[in-house]
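Participant: fold the stuff below for me.
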Amino acid sequence: MLHNPINKTSEGFSLLEMVVAAAILSAISAWAIPSYFKIIRQGEVDRYAQFIEAGFYNLRTELGTTRTSCQLNFGQAQSWVKPNDLLEFRQDNGVLAKTDRLSCCNSQIEKIKVTDECHDGPLIGSLLSGSASSSSTGGEQGSLRFIRVEGSQESKRVYVAVSRPNYELTPPGTSARTEPITFMVRSLDSEKDNTLRTRCVEISGSGHLLSGTWDGDLKTGQCMTLGENP
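Facilitator: Now for the predicted structure:
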């Protein structure tokens with residue numbers, strides 16, 4: 001009787017094949033993981049810049065509707081700070097603070113004969129109860145703010161700066177000053193990764209909003225705009 005031999009093939013990978021596969025995976029990980037986190041960090045910066053642009057677009061609309069003028073009092077310029085030290089009133093503990101950074105007034109407030117002519121932005125909504133300011137944006141009693149999205153995850157991951165310590169906005173969100181005011185946003189990780197881009201939002205004296213990428217250092221750079229929000 002003849003027996004056909006059965007060829008048994010070995011299963012699995014050789015040591016050399018596993019070493020090569022591990023080397024390939026390590027190379028891919030070394031490239032992909034940093035790129036992934038860079039995308040996340042840059043996205044946080046980009047979204048917060050969009051929050052600023054949307055916030056000032058909304059503020060400009062509010063000023064035009066209620067015929068309100070506002071003085072922007074930041075007290076510091078050309079230095080990186082946390083968002084709640086510059087643009088956000090809501091602090092980490094949940095309370096409002098430094099609301100006089102946005103001091104607003106109009107003829108309607110003068111008519112009700114309040115003690116002071118102008119009031120902090122978050123308070124003005126209650127003084128203008130029944131106006132468009134109290135209903136159009138869904139804020140706290142129609143309060144006026146730099147941005148509406150406060151205390152977001154993005155705000156915990158960025159630094160912000162402003163080009164001027166003070167500025168004035170008049171109805172409908174324009175300014176008597178011809179020079180613009182610019183807000184810059186950068187990632188907390190930008191010092192470790194200089195490829196992360198700093199974004200900017202510029203408000204011209206005519207009230208136009210321009211967004212783009214900040215080119216250069218904080219004090220002498222400029223906002224390279226990507227487009228205009230009319």
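
Participant: next helix or strand past the longest helix along the chain?
Facilitator: As assigned by DSSP state H, the longest helix anywhere in the chain is helix 15-66. Later in the chain than helix 15-66, the nearest helix or strand by DSSP states H and E is strand 69-73.

Participant: partner strands of the following helix or strand past that next one and their direction?
Facilitator: Remark: after strand 69-73, the chain's next helix or strand is strand 102-105, criterion DSSP H and E. Its sheet considered, strand 102-105 pairs with strand 69-73 (antiparallel), strand 119-120 (antiparallel) by DSSP bridges.

Participant: contact partners of strand 102-105?
Facilitator: With CB atoms under 8 Å, 6 or more residues apart in numbering as the contact definition, strand 102-105 has outside contacts at 68-73, 117-122, 124, 144-146. The way it works is simple: take the backbone N, C-alpha and C, and place the C-beta from them, glycine included.

Participant: tabulate the strands paired with strand 102-105 in CSV, adding columns for mean pLDDT, distance to Leu63 and mean neighbour count.
Facilitator: Listed next are the strands paired with strand 102-105 as CSV, based on pLDDT from 0 to 100; distance: least, CB to CB, whole Å; neighbours: other CB atoms under 10 Å:
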stretch, mean pLDDT, distance to Leu63, mean neighbour count
strand 69-73, 92, 7, 19
strand 119-120, 83, 14, 20
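
Participant: follow-up on the earlier one: angle of the longest helix of the chain against strand 69-73?
Facilitator: Inter-element angle recorded for helix 15-66 and strand 69-73: 140 degrees (by axes from the mean of the first three to the mean of the last three CA atoms, to 10 degrees).

Participant: and helix 15-66, how far out from the chain middle?
Facilitator: Between the centre of helix 15-66 and the centre of its chain there are 14 Å (CA atoms, centre = their mean, to the nearest Å).

Participant: for that helix, packing partners?
Facilitator: Helices and strands touching helix 15-66, by 3 or more CB pairs under 8 Å, 6 or more residues apart in numbering; DSSP states H and E, are strand 69-73, strand 158-162, strand 166-169, strand 181-187, strand 199-203, strand 209-215.

Participant: among these, which comes closest to Leu87?
Facilitator: strand 158-162 (6.1 Å; CB to CB).

Participant: okay, the closest one in PDB with CA atoms only?
Facilitator: The C-alpha atoms that make up strand 158-162 are tabulated as PDB, following Å, rounded to 0.1, in the frame of the first residue of the first chain:
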ATOM      1  CA  VAL A 158      -6.000  78.300  24.600                       C
ATOM      2  CA  TYR A 159      -4.400  81.600  25.500                       C
ATOM      3  CA  VAL A 160      -5.700  84.900  24.100                       C
ATOM      4  CA  ALA A 161      -4.300  88.400  23.700                       C
ATOM      5  CA  VAL A 162      -5.600  91.800  22.400                       C
END
